[in-house]
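**Student:** Got a predicted structure plus its sequence, pasted below:
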Amino acid sequence: MRHFIGIDLGTSSVKSLLMDENGGAVGVAQRGYDIQKPEPAWAEQDMTMLWNATTETLRELMGKFPSLKGQIAGIGFSGQMHGLVMLGQNGEPVRRAIIWADQRSQDAIARISASVPGYRETTLNNFSTGFLLCSLLWVKEHEPEVYENIRFVMLPKDYIRYKMCGEVGTDCSDASGTAAFDTAKRQWAWGMIRQLGLDEGFFVPCRESWEVAGRVTRRCAEETGLPEGVPIVYGGGDTLVQAVGNGLAKGEASSEGTLISNIGTGSQLLCLADRPLHDPEFRTNTFCHVAPSATRRERSEPSWLLMGANLTGGVALKWLKGILGMGSYEQMTNLALNAEPGSGGAVFLPYLNGERTPWNDPNARGIFFGLSLKHGREELIRAVMEGIVLAQRETFEIFRQMGLSFQQVIASGGGARSAAFRKIIASALSCTVRTSAVREQGCVGAAILAAVGTGAFSSIAEACSHIVRFAPEVTEPNPEWARRYDAVFEKFHALYPANKELFEK
């Protein structure tokens, strides 16, 4: 039986999954790593550290399942989006990667916006701190000696793939999150790149996520234990690949009227589109989906994803867990259910790391509003959980303004493991909530891309139909909770505008 490896390069860890062609998870390995913050607003990572962590996961899998090595038919990737990796002439990074959580490029964004006033009609996205283009312009201005040594720029998972097969490149899904991409045409925005005075040669070839980028080199085989010559596909941005792991692909029946609510370090709410739709006010993102609409061989019409991104998701619960000194997330979320919906009037604005949707403001910060002496741990925990979900409701309301409607939500990420989170999501968005039967949806999506790219399936939709399975449990909205959350959301939505000037000061 053929087997595939899906590698999910996240912000805090990398996971590698060995999956059989029927979707069975044979084994998974994970290694963690940190973010470096030389300055409070900076966020960087050492790509050598991420590469070493990836090789450790692969060696672990190959060590546990040596009899399956000869059956590995392909490798795919899911990777943290937006970040900037710069390679020099020697093929090694010229400095640490500047990742998505970085906020140093605010001044660069102001200058880009003035230089290219119509950029949003091309990118279909606002410029945001942490996006590759914005970080690259910051480097050009503030670290000219680094800029002069650049040969190629790419996304973080592209570097890992390059180390494995020796070929540079990226894919349309990840590239559409760089702010240097023509999202409708699925190609680099060459005119804008020239307007900004950037070297066109920096930008690597761009392909679809399931296409084969290269094969495992002898050196990679020695470092990882993988068989030499295994095909490697380009892979895609983590949110989009995770959507595939949750079965969101054009042509897949379960994708109609479906949202994905992902709560990881940050959080995202997203849906499928058969054309490059975008919010007229550009409060949300439009990215190229990793899945073509029909068969791999016919190269038929592609698809896109609409997404609202919140920079603070589950990390807010981690922050509160540390403050309260609690032992586990399960303990916390169980306590939250002891509090009433609406947390006794306490509202939490979860902008601990700035915010993207809908305000696109790196200066935004968190607020506990409405606290009184009656509030205890239960209310604080529940308010944080509700704040994370109400931040996603901002995106939900924008989608509704665009005329879109939804009947179900697929909960994904760490938040999907919490019954309390699922109940809050169902009632706050008035949708049925389901979850995948497999936890590692990013890895599964990456393995699906490898399976399609190497011919095991003719399309992403066919692969999803064959592989993706959902847990039997379904969470329905609670009408009383939904009524309360409608009222809480009015207060939640008013908090940022009321405090915007204070955030700026």
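**Tutor:** That came through fine. Numbering: from 1, shown residues only.
**Student:** what is Asn152 paired to in the beta sheet?
**Tutor:** Wrong residue type there; residue 152 is Phe, not Asn. Beta-bridge partners recorded for Phe152 (DSSP bridges): Leu87.
**Student:** Can you give me the domain assignment for this structure?
**Tutor:** Following automatic domain parsing, one gets these domains for the chain: 3-239, 314-405+484-504.
**Student:** Compare those and give me the one nearest Ile460.
**Tutor:** domain 3-239 (7.1 Å; Cβ to Cβ). All C-beta spots, glycine's among them, are computed from the backbone N, C-alpha and C.
**Student:** Contact partners for Ala383?
**Tutor:** The contact partners of Ala383, taken as Cβ atoms under 8 Å, 6 or more residues apart in numbering, are Ser343, Ala346, Val347, Phe348, Phe368.
**Student:** go again using 6 Å as the cut-off
**Tutor:** Ala383 makes contacts with Ser343, Ala346, Phe348, as judged by Cβ atoms under 6 Å, 6 or more residues apart in numbering.
**Student:** Return the distance of the helix or strand bottoming out on mean pLDDT in the chain from the chain's centre.
**Tutor:** Ranking every helix and strand in the chain by mean pLDDT, DSSP states H and E puts helix 106-115 at the bottom, with a mean of 87. A distance of 25 Å separates the centroid of the chain from that of helix 106-115, by Cα atoms, centre = their mean, to the nearest Å.
**Student:** what comes into contact with that helix?
**Tutor:** Residues outside helix 106-115 that contact it (Cβ under 6 Å, 6+ apart): Phe127, Cys134, Leu137, Trp138.
**Student:** just checking, Ile232 is part of a strand?
**Tutor:** Yes: inclusion of Ile232 in a strand is indicated when DSSP: H, G, I helix; E, B strand; the rest coil is applied.
**Student:** any low-confidence regions in this protein?
**Tutor:** Applying pLDDT under 70 to the predicted model, the residue ranges of the chain that meet it are 250-254, 291-300.
**Student:** now do 50
**Tutor:** Within the chain, the stretches with pLDDT under 50 are 293-298.
**Student:** which residue is nearest the centroid of it?
**Tutor:** Thr239 (3.3 Å; Cα atoms, centre = their mean).
**Student:** contacting residues for that one?
**Tutor:** Taking Cβ under 6 Å, 6+ apart as the contact definition, Thr239 lies against Gln268.
**Student:** how would you label it: helix, strand or coil?
**Tutor:** Going by three-state DSSP, the secondary structure assigned to Thr239 is helix.
**Student:** Quick check: it vs Ala180, distance?
**Tutor:** Relative to Ala180, Thr239 is positioned 18 Å away (Cβ to Cβ, to the nearest Å).
**Student:** Where do the strands of the stretch 151-300 of the chain begin and end?
**Tutor:** Assigned by DSSP state E, counting those that start in this stretch, the strands in the stretch 151-300 of the chain fall at 152-154, 170-171, 181-182, 187-188, 206-207, 212-215, 231-233, 236-237, 258-263, 267-273, 285-288.
**Student:** again, but for the stretch 1-150 of the chain
**Tutor:** Listed from the start of the chain, the stretch 1-150 of the chain has strands (DSSP E, counting those that start in this stretch) covering 3-9, 13-20, 25-32, 44-45, 72-79, 85-87, 97-98.
**Student:** Glu386 belongs to a helix?
**Tutor:** Yes: secondary structure of Glu386 (three-state DSSP): part of a helix.
**Student:** Pull the contacting residues for it.
**Tutor:** Shown in contact with Glu386 (Cβ under 6 Å, 6+ apart): Ile424.
**Student:** quick revisit: out of the domains of the chain, which one sits most buried?
**Tutor:** domain 3-239 (a mean of 20; mean count of other Cβ atoms under 10 Å).
**Student:** coming back round to it: nearest to Gly442, of the domains of the chain?
**Tutor:** Shortest separation from Gly442 across the domains of the chain is recorded for domain 3-239, at 3.7 Å, computed as Cβ to Cβ.
**Student:** Quick check: phi and psi on the spatially most distant residue from the centre of the chain?
**Tutor:** Outermost residue of the chain with respect to the C-alpha centroid, by Cα atoms, centre = their mean, is Leu373; its distance is 38.3 Å. With angles defined as degrees, to the nearest 10, Leu373 shows backbone torsions of phi -70, psi -20.
**Student:** could you measure it against Glu379, distance?
**Tutor:** Taking Cβ to Cβ as the measure, Leu373 falls 11 Å from Glu379.
**Student:** now swap in Asn499 and tell me
**Tutor:** When distance is defined by Cβ to Cβ, Asn499 is 21 Å away from Glu379.
**Student:** CSV please, covering the strands of the stretch 151-300 of the chain and showing distance to Phe470.
**Tutor:** What follows is the strands of the stretch 151-300 of the chain, written out as CSV (distance: least, Cβ to Cβ, whole Å):
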stretch, distance to Phe470
strand 152-154, 34
strand 170-171, 27
strand 181-182, 33
strand 187-188, 35
strand 206-207, 31
strand 212-215, 30
strand 231-233, 25
strand 236-237, 22
strand 258-263, 11
strand 267-273, 17
strand 285-288, 24
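**Student:** So what touches stretch 189-202?
**Tutor:** Residues outside stretch 189-202 that contact it (Cβ under 6 Å, 6+ apart): Val116, Tyr119, Thr122, Ile150, Val153, Ala180, Phe181, Asp182.
**Student:** which two in these are spaced the farthest apart?
**Tutor:** In the contacts of stretch 189-202, two members sit farther apart than any others by Cβ to Cβ. They are Thr122 and Ile150, at 23.0 Å.
**Student:** what distance separates stretch 162-175 from the middle of the whole chain?
**Tutor:** Relative to the chain's own centre, stretch 162-175 is displaced by 17 Å; criterion: Cα atoms, centre = their mean.
**Student:** Pull out the CA atoms of that stretch and give them to me as PDB.
**Tutor:** Coordinates of the C-alpha atoms in stretch 162-175 are reproduced here as PDB (Å, rounded to 0.1, in the frame of the first residue of the first chain):
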ATOM      1  CA  TYR A 162      14.400  23.400  -0.800                       C
ATOM      2  CA  LYS A 163      16.600  21.600   1.800                       C
ATOM      3  CA  MET A 164      14.900  18.400   0.900                       C
ATOM      4  CA  CYS A 165      15.000  18.500  -2.900                       C
ATOM      5  CA  GLY A 166      17.500  21.300  -3.800                       C
ATOM      6  CA  GLU A 167      15.000  23.200  -5.900                       C
ATOM      7  CA  VAL A 168      13.700  26.700  -5.100                       C
ATOM      8  CA  GLY A 169      10.100  27.600  -5.600                       C
ATOM      9  CA  THR A 170       6.800  28.400  -3.900                       C
ATOM     10  CA  ASP A 171       3.100  27.800  -4.500                       C
ATOM     11  CA  CYS A 172       0.100  30.100  -5.300                       C
ATOM     12  CA  SER A 173      -1.600  29.700  -1.900                       C
ATOM     13  CA  ASP A 174       1.400  30.800   0.100                       C
ATOM     14  CA  ALA A 175       2.500  33.400  -2.500                       C
END
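**Student:** and the nearest residue to Gly264 once chain neighbours are set aside, what is it in contact with?
**Tutor:** Nearest residue to Gly264, sequence neighbours excluded (Cβ to Cβ, 6 or more residues apart in numbering): Gly413, at 4.1 Å. Contacts here follow Cβ under 6 Å, 6+ apart; on that basis Gly413 touches Asn262, Ile263, Gly264.
**Student:** Adding distance to Met326, write the strands of the stretch 1-150 of the chain out as a markdown table.
**Tutor:** Listed next are the strands of the stretch 1-150 of the chain as a markdown table, based on distance: least, Cβ to Cβ, whole Å:
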| stretch | distance to Met326 |
| --- | --- |
| strand 3-9 | 27 |
| strand 13-20 | 21 |
| strand 25-32 | 20 |
| strand 44-45 | 28 |
| strand 72-79 | 30 |
| strand 85-87 | 36 |
| strand 97-98 | 33 |
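**Student:** Of all those, which one comes closest to Glu211?
**Tutor:** strand 72-79 (10.8 Å).
**Student:** between that closest one and strand 3-9, how big is the angle?
**Tutor:** Our comparison of strand 72-79 with strand 3-9, counting by axes from the mean of the first three to the mean of the last three Cα atoms, to 10 degrees, yields an angle of 20 degrees.
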